[in-house]
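Novice: What follows is a predicted structure for the sequence shown.
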Amino acid sequence: MKEISQYRVIFYSAIIFTLFYNFSFFKAVLGVYPPSGMNIIYLFSIFALLIVFITFFFTLFSSKYTTKPLLIVTFVVSSFVAYFMDAYSIVIDTEMIRNTLQTNLNESTDLFSIKLVVYVLLLGVLPSFLVYKSNIVYKPLKGEILSKLKSLILTLVLVLVIIFSFSKFYTSFFREHKPLRYHVNPIYWIYSIGKYISNSLDSTPTTLKKIGLDAKIDFTKEDDEVKELIIMVVGEAARADRFSLNGYEKETNPLLKKEDIINFSNMYSCGTSTAVSVPCMFSFYSRDNYNYKKGVSTENVIDVLKNTGKVDILWRDNNSDSKGVALRVDFEDFKTPENNTICDDVECRDEGMLIGLDKYIKEHSDKDILIVLHQMGNHGPAYYKRYPKEFEKFTPVCKTNELEKCTKEEVNNAYDNAILYTDYFLSKVINFLKPYSKKYETAMMYISDHGESLGENGLYLHGIPYFIAPNSQKHVASFLWLAEGEMREDYDIEKLKSYSNRKFSQDNLFHTLLGLFEVETKIYDKKMDILNDAKID
Ligand SMILES: [Zn+2]
């Protein structure tokens, strides 16, 4: 093969990256700057800028030992990134990286497709092979350093020239259209990984901050000899507007509508991914103050309940894991047939989490009980796998994870059938609890972790940064069921129903759970307790 310098290989690679890995980016740019008049010139300048900047970036890290491996790894990873950005319009930010690392192999197989293989072969393997085979000649050290400096200075000058030639355009581009940069491949995902690593390193020596040390439950209060039994269901990717309880035209809640529930039609999530929403909703911090580090280093509402010494807590998980929430309480993995007795050839079903709970309740009768059930729910993109055959009421159904290949109707049907199964599961939870309402103060609370995009504006799945995320990823299904008997005597149900359309968010969960368990502590904020206004003293 012909001899070539490493700077030339980097330059060619930059052209390839810009041309073939950035469809999403240029699509997003065209959305903001339609191709007419000056915009066409701007577009070309972005093109040139990207090539020069990528060249600068790899030149910075170039050397005899790093150039080839760095380019090869970047090509392979970027081929995956390009696929997921093109197919699902997702972006790879630090939260997405955290989410991906917390996703288990089982969930990943759901994302496999032929198109992905094509992307990886053409954009990952092929250019990697060419780089690997390239006959790079290196000059003696001094000459290399000189060439490297020359290349760095040249590209940097070019970057500055391009930006300053169109300074007005680039000011608006960088300031007013921040979300555009999320699509720049490979620069943005490399930046995100860097940020993710620096965040993680930063949070390694964390000590757990205890909160609510004064929390106590007074069992001796005369009306409080009856223990509490509460089930909290954490849903998965259930949009509020797909519950017929919230006015969806298809009947997706045939069973729940028969139950006397208090529907929260205006519930909003804390994040747009499981990895953010789940720890955030149990956390003491509100959405504005929450971040990952604060979440893992501070006790959550489950810890506070446990610390009273009067509540036993069990977390059963059919989703992934508790995202750090249930580290200090009993945890059972229900994705495996070893624990879950209702598994078919597709997967273990949410309803399996109810099996054996009678035994748990019996064995913990001397205390209050909180059971958290973390659902598989509407985990995408393979919605058609999320329900047993008999729940396939809405047809035709999208039977592939390549959602863009299906019609909108087929995607909607698959998603709605999964909601239908969740309706069945949730009503089963309620009916499981009913027999306990004589002996216990019993309630069930349901909140989905986040919503989902189903092709609106070409967007699929979830995980878009919160401030630009569409409502469908943030407006979530949620309701409360209070059992007949002791539990209902504490609340004015009609009053509670009268304000169930108020805007609530996952920030309310922390204080609502403390309220339900009648915990006394300084950190309890009754204004944040959804039930407070309806409490009967
Ligand atoms: Zn989720």
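Specialist: Alright, I've got the coordinates.
Novice: Please name the nearest non-neighbouring residue to the residue in the stretch 351-500 of the chain positioned nearest to the ion.
Specialist: Residue nearest to the ion within the stretch 351-500 of the chain: residue 449 (4.2 Å; Cβ to the ion). (Each C-beta comes from the backbone N, C-alpha and C, glycine too.) Closest residue to residue 449 apart from its sequence neighbours, by Cβ to Cβ, 6 or more residues apart in numbering: residue 277 at 4.1 Å.
Novice: repeat for residue 488
Specialist: Leaving aside its sequence neighbours, residue 488 sits nearest to residue 482 (Cβ to Cβ, 6+ apart; 5.3 Å).
Novice: right, and that neighbour touches residue 497 too?
Specialist: No - using Cβ atoms under 8 Å, residue 482 makes no contact with residue 497, being 10.7 Å away.
Novice: Those two - which one has more neighbours?
Specialist: The neighbour comparison of residue 482 against residue 497 (other Cβ atoms under 10 Å) goes to residue 482, with 26 against 14.
Novice: give me the beta-bridge partners of that one?
Specialist: residue 443 (DSSP bridges).
Novice: Contacts only, for it.
Specialist: Residues counted as contacts of residue 482 (Cβ atoms under 8 Å, 6 or more residues apart in numbering) are 262, 442-443, 488, 491, 493.
Novice: Over to residue 207?
Specialist: residue 297.
Novice: again, but for the one 5 residues further on
Specialist: Contacts for residue 212 were tallied using Cβ under 8 Å, 6+ apart; they are 299, 304, 307, 519, 521-524.
Novice: Excluding chain neighbours, give the residue nearest to it in space.
Specialist: residue 304 (4.1 Å).
Novice: So the one you found is in contact with residue 514, correct?
Specialist: Yes - with contact defined as Cβ under 8 Å, residue 304 reaches residue 514; the gap is 6.9 Å.
Novice: what touches both of those two?
Specialist: 215, 521.
Novice: returning to what we had before: residues near the residue of the stretch 351-500 of the chain closest to the ion, how many?
Specialist: Neighbours of residue 449 (other Cβ under 10 Å): 29.
Novice: Use 40 as the first number from now on
Specialist: Done: numbering now begins at 40, and the last item shifts to residue 488.
Novice: how close does it get to residue 430?
Specialist: 21 Å (Cβ to Cβ, to the nearest Å).
Novice: do residue 195 as well
Specialist: 59 Å.
Novice: Can you show me the helices along the stretch 240-389 of the chain?
Specialist: 313-321, 331-336, 340-346 (DSSP state H, counting those that start in this stretch).
Novice: For residue 368, which non-adjacent residue is closest in space?
Specialist: residue 352 (4.1 Å).
Novice: Is that neighbour bridged to anything, and to what?
Specialist: With DSSP bridges applied, the residues forming beta bridges to residue 352 are residue 409.
Novice: give me the number of residues near it?
Specialist: Neighbour tally, residue 352, other Cβ under 10 Å: 21.
Novice: For it, give me its contacts.
Specialist: Residue 352 touches 341, 344-345, 365, 368-369, 408-411, counting by Cβ under 8 Å, 6+ apart.
Novice: Just the buried ones out of the residues you listed, please.
Specialist: By neighbour count, with 16 or more other Cβ atoms under 10 Å, those hold 341, 344-345, 365, 368, 408-411 as buried.
Novice: Report the two of the residues you listed separated the most.
Specialist: Spatial extent of the buried ones among the contacts of residue 352 (Cβ to Cβ) is set by the pair 365 and 408 at 14.4 Å.
Novice: What are the buried residues along stretch 266-284?
Specialist: 266-279, 281-284.
Novice: can you give me how far it is from the chain middle?
Specialist: 17 Å (Cα atoms, centre = their mean, to the nearest Å).
Novice: Equivalent analysis for stretch 135-147, please.
Specialist: The answer for stretch 135-147 is 10 Å, by Cα atoms, centre = their mean.
Novice: do it and the ion meet at all?
Specialist: No - judged by Cβ under 5 Å from the ion, stretch 135-147 makes no contact with the ion; its nearest approach is 8.5 Å.
Novice: mind listing what residue 68 touches?
Specialist: So residue 68 contacts 82, 85, 219 (Cβ under 8 Å, 6+ apart).
Novice: Tally up the residues packed near the first one, please.
Specialist: The burial metric for residue 82, expressed as a neighbour count using other Cβ under 10 Å, is 16.
Novice: can you pull the contacts of it?
Specialist: Residue 82 touches 65, 68-69, 72, 74, counting by Cβ under 8 Å, 6+ apart.
Novice: what's the nearest residue to whichever residue of the stretch 190-339 of the chain sits closest to the ion if we skip its chain neighbours?
Specialist: Closest approach between the stretch 190-339 of the chain and the ion, counting by Cβ to the ion: residue 313, at 3.1 Å. Closest residue to residue 313 apart from its sequence neighbours, by Cβ to Cβ, 6+ apart: residue 488 at 5.2 Å.
Novice: Give me the phi and psi for that neighbour.
Specialist: Dihedral angles of residue 488 (phi, psi; degrees, to the nearest 10) stand at phi -70, psi -40.
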